[in-house]
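A.B. asks: The following block contains a protein sequence and its predicted model.
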Amino acid sequence: AKMMPGFGMQPQIILLKEGTDTSQGKPQLVSNINACMAVADTVRTTLGPRGMDKLIHNDKGNVTISNDGATIMRLLEIVHPAAKS
């Protein structure tokens, strides 16, 4: 394998927003799984021919009733990065 000049062992530089949680390891993995499962449980009951509607009430007093998963995801204002995607 031929090494290209300038592409050797350069350190990775990652830019993060201030206040970003940079925790790693098993606790972070468990946190990511739990967050995704919570979102999945919320949306799962809206699926299929017997899908239920969800009533979402936000802090501004707006109320939305929907069984559309994309609408619910948008209205939930999810802050966890793994659950958001």
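C.D. replies: Received the coordinates, thanks. Numbering: from 1, shown residues only.
A.B. asks: so which helix or strand takes in the residue lying closest to Thr45 once chain neighbours are set aside?
C.D. replies: Once flanking residues are discounted, Thr45 sits nearest to Met52: 5.1 Å by Cβ to Cβ, 6 or more residues apart in numbering. C-beta here means a position set from N, CA and C on the backbone, and glycine is covered the same way. Met52 belongs to no helix or strand when elements are defined using DSSP states H and E.
A.B. asks: Number of residues surrounding Met52?
C.D. replies: Residues within reach of Met52, counting by other Cβ atoms under 10 Å, total 10.
A.B. asks: Quick one: list the elements packing against the longest helix seen in the chain.
C.D. replies: Criterion DSSP state H: the longest helix present in the chain is helix 26-44. Helix 26-44 makes packing contacts with helix 69-75, helix 81-84 when contacts are defined by 3 or more Cβ pairs under 8 Å, 6 or more residues apart in numbering; DSSP states H and E.
A.B. asks: residues of the shortest one that come out buried?
C.D. replies: Along helix 81-84, the positions that meet the burial threshold by neighbour count (16 or more other Cβ atoms under 10 Å) are Ala83.
A.B. asks: Using PDB, list the CA coordinates for that helix.
C.D. replies: C-alpha atoms of helix 81-84 as PDB (Å, rounded to 0.1, in the frame of the first residue of the first chain):
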ATOM      1  CA  PRO A  81     -29.200  13.000  19.200                       C
ATOM      2  CA  ALA A  82     -29.600   9.200  18.800                       C
ATOM      3  CA  ALA A  83     -33.400   9.300  19.100                       C
ATOM      4  CA  LYS A  84     -33.700  12.300  16.900                       C
END
